[in-house]
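Asker: Turn this into a structure:
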Amino acid sequence: MGFDLESVAEATSGAIGALVSTTILYPLDTCKTKYQAEVRAHHQQKYRNISDVLWEAISTRQVLSLYQGLGTKNFQSFISQFIYFYGYSFFKRLYLEKSGNKNMGTRANLIVAAAAGACTVIVTQPLDTASSEMQTSEFGKSKGLWKTLSEGTWIEAFDGLGISLLLTSNPSIQHTVFDQLKQRLLRGQLSKRTGTKSSPEALSAFSAFVLGAVSKCIASCLTYPAIRCKVMIQAAEEEEEGSNGAQSESQKSQRTVSGAFYAIWKREGLLGFFKGLQAQILKTVLSSALLLLIKEKITKTTWVILLAVRRYLFVNKSRLKSA
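Answerer: This is a model prediction of the structure:
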């Protein structure tokens, strides 16, 4: 029961952190996603940078549309982060218990993080696809979650699943770097402690923010080409040349990994694979840093609350048995 309680505490605090960071940074996320999804020849580009997306929202008096799909994104973020942190904490504790080691090495950490990430992706992929489609819709014309999902097939709802599974390496790299840096930072503090731990160790707010930013920056730089292709696959727009508003064959091919890679290479060249990298780093680094900061600061509180709930349930169960 002990490690189950800690896993739930980790998952709950991580999910709350994701909810808060997603809400705060959502307008930036919308601008970034719309900019990433555009694939045209350089002279035909509608957006030269993410500030053009922001200006379009302001000039068309659709500023509130920067929040289109926020509910779906928050729902997806909460569920995905809860599943990820629960799985990561559970697999990590299971590995340490079975191996008898006190700490995980880098390779084991990567495997555990990848396993947790794969479980998360499979469960939340339809929500991820829907939120991307809602964000890249024209301002003021976004549809609700149910309508977005019902208009397509289940196969389309899982567009980009393969590349999303590939991108489980992103949080794997991030949390491996974060955990390794965290262990080194806390090593001195742990050596001074005596007695049995009653709650998980926590970083200071500043340390959690910095380590979260550094770890996410490294992960984003290494996996960005795949991130760009994933956005394209999920949010492929209809081409203007399509007859009667129907998607052309080339546009349909962009819903495959090979088609997305080819479209970027043909229209934008090698640098196209890194279009929007600065915006991605800004958004994801701030989001991840805020998430991990909030998670680290509320983990102990969550732990105490869950411990109190467990004790309350145990006392009531004892009373019922004795009655």
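
Asker: CA only for contacts and neighbour counts going forward, please
Answerer: Fine.

Asker: shaky segments in the protein?
Answerer: Scanning the chain for pLDDT under 70 picks out 1-7, 39-44, 152-153, 188-202, 235-255, 316-323.

Asker: can you give me the helices for it?
Answerer: 2-24, 26-37, 50-59, 70-99, 106-136, 145-150, 154-157, 161-166, 169-192, 205-234, 249-253, 257-268, 277-322 (DSSP state H).

Asker: Tell me which of the ones you listed sits most buried.
Answerer: Mean neighbour count (mean count of other Cα atoms under 10 Å) peaks for helix 26-37 among these, with a mean of 23.

Asker: now for that helix, which elements pack on it?
Answerer: Helix 26-37 makes packing contacts with helix 50-59, helix 106-136, helix 205-234, helix 277-322 when contacts are defined by 3 or more Cα pairs under 8 Å, 6 or more residues apart in numbering; DSSP states H and E.

Asker: now the third one and helix 26-37, what's the angle there?
Answerer: Note on geometry: by axes from the mean of the first three to the mean of the last three Cα atoms, to 10 degrees, helix 205-234 and helix 26-37 are set 40 degrees apart in direction.

Asker: just the longest one next, same as before
Answerer: Relative orientation of helix 277-322 versus helix 26-37 (the same axes, to 10 degrees): 130 degrees.

Asker: orientation of helix 277-322 relative to helix 50-59 in degrees?
Answerer: Using the same axes, to 10 degrees: helix 277-322 against helix 50-59 is 80 degrees.

Asker: distance between helix 277-322 and the chain's centre?
Answerer: Distance of helix 277-322 from the chain centroid (Cα atoms, centre = their mean, to the nearest Å) equals 17 Å.

Asker: residue contacts, residue 208?
Answerer: Contacts for residue 208 (Cα atoms under 8 Å, 6 or more residues apart in numbering) come out as 289, 292, 293, 296.

Asker: ok, it to residue 278 distance?
Answerer: 22 Å (Cα to Cα, to the nearest Å).

Asker: next one: residue 267
Answerer: To residue 278, residue 267 is 20 Å away according to Cα to Cα.

Asker: Could you do residue 186 as well?
Answerer: Distance, residue 186 to residue 278, using Cα to Cα: 31 Å.

Asker: now the residue positioned nearest the centre of the chain: how far from residue 109?
Answerer: For the chain, the residue nearest the mean C-alpha position is residue 77 (6.5 Å; Cα atoms, centre = their mean). As judged by Cα to Cα, residue 77 and residue 109 stand 22 Å apart.

Asker: doesn't residue 10 make contact with residue 86?
Answerer: Yes. Taking Cα atoms under 8 Å as the definition, residue 86 is a contact partner of residue 10 at 6.4 Å.

Asker: How about residue 285, nearest residue that isn't a chain neighbour?
Answerer: Nearest non-adjacent residue to residue 285, counting by Cα to Cα, 6 or more residues apart in numbering: residue 213, 4.8 Å away.

Asker: Tell me who's in contact with the one you found.
Answerer: The contact partners of residue 213, by Cα under 8 Å, 6+ apart, come to 285, 286, 288, 289.

Asker: wouldn't residue 203 be in contact with residue 294 here?
Answerer: No. Using Cα under 8 Å, residue 203 is not in contact with residue 294; the gap is 10.6 Å.

Asker: Mind putting the helices and strands packed on helix 26-37 into JSON lines with distance to residue 24?
Answerer: Output for these, formatted as JSON lines (distance: least, Cα to Cα, whole Å):
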{"stretch": "helix 50-59", "distance to residue 24": "16"}
{"stretch": "helix 106-136", "distance to residue 24": "16"}
{"stretch": "helix 205-234", "distance to residue 24": "15"}
{"stretch": "helix 277-322", "distance to residue 24": "9"}
